[in-house]
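**Student:** Here is a sequence with its predicted model. Questions after.
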Amino acid sequence: MKKYVKKAFIDTLPIMAGYIVLGIGFGVVLKSAGYGLGWALAMSVFIFAGSMQYAMVGLLTGGASFLTIAITTFLVNARHLFYGMSMIEKYKDAGARKPYLIFALSDETYSLVCNSDEGRDYYLLVSMFDQIYWIIGSVIGSLLGAIIPFNTEGIDFSLTALFIVVYTDQWLNTKNHVSAIIGIVASVVCLVLCGSDKFLIPAMISIMVLLFVMKKFCIKEEE
């Protein structure tokens, strides 16, 4: 494993830059909502779900039920089902590493691991480094939020801004925009029908159903 430490660290440096900044934002937002260092550390260690951790702050402060939190978490992170299926061969002989590799498969970790054939030790180190970066950022943010008074208005938009950048990049680099349009239209319709505080779950379910139907239709067309 030692021979992969340097490579894994160097390869994850770009992720470190993003995770620490976003982690700090999360820590500050969480602290401003009344949840201290213990919460930030526990959520980053045991949940480690980036966008969902940001969403969790609003759910916690809004008094959301456990069922709502569970469903929202599943839907927001449903993309990881597809990540996992594509990693079956890479992880099948991972042994004791496998549970952690599955747990720590974030978007950025996936982007590095899926394009690498370095082996399970490298995959483990990349996963560990990425989570450590996020934990460090969260802890720093929570500590800063306790020491320095922050005006947190708008800081929770940082992850939204990141997704907008990713969405725009994918739009510019793909020819077929059907899935992207489905996402926008379904979200807007659910927003209008359900309101800003209840549209997320219906929107996610609608998008998944429409994409599934679209896939089935495309398969039939090819046949």
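**Tutor:** Everything's here; your move.
**Student:** Could you check how far the strand or helix carrying residue 81 is from the centre of its chain?
**Tutor:** For residue 81, the element it lies in under DSSP states H and E is helix 79-86. Distance, stretch centre to chain centre, for helix 79-86: 13 Å (C-alpha atoms, centre = their mean, to the nearest Å).
**Student:** same question, stretch 100-111
**Tutor:** 10 Å.
**Student:** what's next to it, contact-wise?
**Tutor:** For stretch 100-111, contacts defined as C-beta atoms under 8 Å, 6 or more residues apart in numbering pick out 15, 18-19, 48-50, 79-80, 83-84, 87, 91, 94, 113, 120, 123-124, 126-128, 130-131. Just so you know, the C-beta spots here come from the backbone N, C-alpha and C atoms, and that holds for glycine as well.
**Student:** Narrow the residues you listed to those in helices?
**Tutor:** Residues of the contacts of stretch 100-111 located in helices (DSSP state H): 15, 18-19, 79-80, 83-84, 91, 113, 120, 123-124, 126-128, 130-131.
**Student:** Emit the PyMOL select command for whichever of those are buried.
**Tutor:** Buried residues within the ones in helices among the contacts of stretch 100-111, by 16 or more other C-beta atoms under 10 Å, are selected in PyMOL with:
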select buried, resi 15+18+19+80+83+91+113+120+123+124+126+127+128+130+131
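**Student:** Can you give me the neighbour number for the residue lying closest to residue 49 once chain neighbours are set aside?
**Tutor:** Excluding its sequence neighbours, the residue lying closest to residue 49 (C-beta to C-beta, 6 or more residues apart in numbering) is residue 77, at 6.0 Å. Other residues near residue 77 come to 17 when the count uses other C-beta atoms under 10 Å.
**Student:** Please report how far residue 77 lies from residue 8.
**Tutor:** Look at residue 77 and residue 8: by C-beta to C-beta, to the nearest Å, they are 24 Å apart.
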